[in-house]
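J.: after the sequence you'll find the predicted model.
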Amino acid sequence: MPIELLPVGIFWLGALLAAVRHDGARWIALITPIIATLASVTLLAPGVGADWQIMNYTLAAVRVDEMTLVFVGLFHLAGFLAAIYSLEMTDRVQASAMLAYVGSGIGAVLAGDLVMLWLFWEMLALTSVVLVWARRTPEATAAGIRYLVFNVVSGVTLLAGIAHLTVVGHDLAIGPIALDSPGGWLVLAAFGIKCGFPLLHNWIPDAYPRASLTGSVILVAITTKVGVYSLARAFAGEELLMVIGTVMALWPLVYVLVEDDLRRVLAYSLMVQIGLMVTGIGAGNDIALDGVTLHVVMDVLFKMLLFMALGAVLVQAGTVRASQLGGLGRKMPWTMTFVIVGVLANSAMPGTGAFVSKKLLLGGIEYAGVGPVWYAALAGLSALGILYAGVRVLYEAFLRRPEKPVEAEDATFPMRLAMGMIAALLLIAGLFPWLTDALRPLASDYQPVKLPKILDQVQLLLFALLTYVVLARRGLGLPSSGRRTLLDVEWLYRKLIPTLARRGAAVLGHISDRIGTMIRITERHPGNGRVANSLAHSWPAGSMAFWTVVLLVVLLFAGIWRS
Amino acid sequence: MNDRLIRYLVIAAVVLGGIGLFIRPESGVDRVPGFYPLTAVLIITLVVLGVRMLARLLERPEDEYDAD
């Protein structure tokens, strides 16, 4: 293995040690990202590359450029913050799986060719599912299996795409792939599953809210972001992605605004942000790709922050169902303060890093020539962010009067420390936007922070809030939260297909019974004719083999004749 | 909702909306005065009303998926 993959190796070694050391697992989880960061800083720089000889094959194990470094740095940071957050947890399974998962994510973005990407792609699926199962509830187990199915299908689709690209003589290096062959479409489908394209998305809201506390925090940081990174590498400028991304950003709105489970609300809102990134990748210009990269960083930070806060609520109040929460602001003041920063960032409020990244991203999308209605729909997502994060999470959990008193204390010190660090990063990036220039890999010449843009964004959020307040006073606000299931595409494979399968099995069983009855009748009356007679006897194995050979020979000659 | 909150929101909207009529980006599809206030009002109204309607269509009892 090339030395440039050492950061990955350090994470995997850390995972191994955490798995065998019961008492020290959480400290290993904390130290490993620090050591791996030192290794990355020493070994990785733009232009670095390394090959890996395996038998007669040469794999491009590592290819590094500016965009790679942003993602690698982000994953290190995410692993470190998640480790701080879970410092008081003693579950070595979670600690070990988290380290292996982060290492796999780093390996995936370092990969120089599609085969290496596929290897880490599969590792990512296998390690992340443990984080879902680590919740140790029947719902988490079932959701983990569905999660694994989606991710393994993504891996198999990617492998099929790679195989076809190889057959048609396509270079396997990570780089632009045209949609002019089935291989290209298969690779796009594989990346699409990882990103959560519409109709392929259900594993996100299904598994993330059911994962363990640490699991949901780190899952939002890596799997879908590896998908976004891969898409940006292979399909930047593919106009189809602008349409897919816009649909993806608008599709989950009904769920984020109505779902009762607030972690599920966040999982759907993750799709909204990724939809925006996919649209930016479709735009494909330097401004948009810089915007995508920066927005990935900001999205990871504020989503981790909000998931951490809801994790603390889950620990303290025992639920994250909006219908059972309320009034936590007085009992969890620190957590509420961090949630406010997360809500502001989620709504791209000026003063937070998300404002810088979203304006940059929208600037790139606008540069690609979208019309005013399309642009307004994407810009307006921030206005909706104030609803689903502000009204749903902040208001319903922390500010409103609860129907029943909720017993809770504030988050533990490590949790507050992790949330505080993320909140500080978001505010620093917003208040000193030039610091984020280092996170723009293509160094596009676009200034997203200007007075008119700041004013416009504040107007957007203010008028959004005012409009909603007016609607709510007229009794036209969002439906009240309550325990319910909202149908999504998962209904197809969790309800329709099992129902059809059960009915199909019943019909087949019925047919099988009828055939059995016929055979029994013929066995009792073997002399009723030649066909019945032959059915009534069991055939010797030699006879079966003979007729199989005859059939194969016939097929062989038929094939030769046709060719 | 608190009446005072709404009053503050209206005042802030009028003030910022007024300033926003004059301070515009030099170029881009959003340089039209009132682009963002109008976008916010339309999007929130359409989405909230649409979501109320869709939620009724998509809503099922909590045990919809108990079969698995």
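T.: Happy to help now that I have it. Note that the structure is predicted; figures quoted are calculated from it, not measured.
J.: going forward, measure contacts and count neighbours with C-alpha atoms only.
T.: OK.
J.: got the confidence number for A:Arg562?
T.: Looking at A:Arg562, its pLDDT reads 66.
J.: ah, wrong one, I meant B:Ile23
T.: 86.
J.: the lowest-mean-pLDDT helix or strand in chain B: partners in the sheet, and parallel or antiparallel?
T.: The helix or strand of chain B with the lowest confidence, counting by mean pLDDT, DSSP states H and E, is strand B:59-60 at a mean of 84. Its sheet considered, strand B:59-60 pairs with strand A:485-486 (antiparallel) by DSSP bridges.
J.: could you point out which element follows the strand it pairs with?
T.: helix A:490-491 (DSSP states H and E).
J.: where along chain B do the helices fall?
T.: Along chain B, counting by DSSP state H, helices occupy B:3-22, B:35-58.
J.: list the buried residues of the last one.
T.: Going by neighbour count (16 or more other C-alpha atoms under 10 Å in any protein chain shown), the buried part of helix B:35-58 is B:35-45, B:47-49, B:51-52, B:55.
J.: now the chain, which segments are flagged as low pLDDT?
T.: If you meant another chain, say so; for now it's chain A. A:525-539, A:562-563 (pLDDT under 70).
J.: my bad, chain B
T.: The model of chain B has pLDDT under 70 over residues B:1, B:66-68.
J.: near chain A, which residues of it are found?
T.: Residues of chain B lying near chain A by C-alpha under 8 Å from any C-alpha of the partner chain: B:1, B:6, B:9-10, B:12-13, B:16-17, B:20, B:23-25, B:28-30, B:36-37, B:39-41, B:43-45, B:47-49, B:51-52, B:54-55, B:58-65, B:67-68.
J.: can you give me every residue that contacts A:Arg484?
T.: A:259-260, B:59-62 (C-alpha atoms under 8 Å, 6 or more residues apart in numbering or on different chains).
J.: of the helices of chain B, which is nearest A:Leu466?
T.: helix B:3-22 (6.3 Å; C-alpha to C-alpha).
J.: which residues are contacting that closest one?
T.: For helix B:3-22, the surrounding residues in contact (C-alpha under 8 Å, 6+ apart) are A:452, A:455-456, A:459, A:462-463, A:466, A:469, B:33-34, B:37.
J.: arrange these in TSV, one row each, with distance to A:Ala345 and secondary structure as further columns.
T.: Output for those, formatted as TSV (distance: C-alpha to C-alpha, whole Å; DSSP: H, G, I helix; E, B strand; the rest coil):
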residue	distance to A:Ala345	secondary structure
A:Pro452	19	helix
A:Leu455	16	helix
A:Asp456	16	helix
A:Gln459	16	helix
A:Leu462	15	helix
A:Phe463	17	helix
A:Leu466	19	helix
A:Val469	21	helix
B:Pro33	25	coil
B:Gly34	24	coil
B:Pro37	20	helix
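J.: quick check: the farthest pair among these?
T.: A:Pro452 and A:Val469 (25.6 Å).
J.: for the stretch 251-400 of chain A, what lies in contact range of chain B?
T.: So far as C-alpha under 8 Å from any C-alpha goes, the stretch 251-400 of chain A lies against chain B at A:253-254, A:257-258, A:366, A:371-372, A:375-377, A:380, A:383-384.
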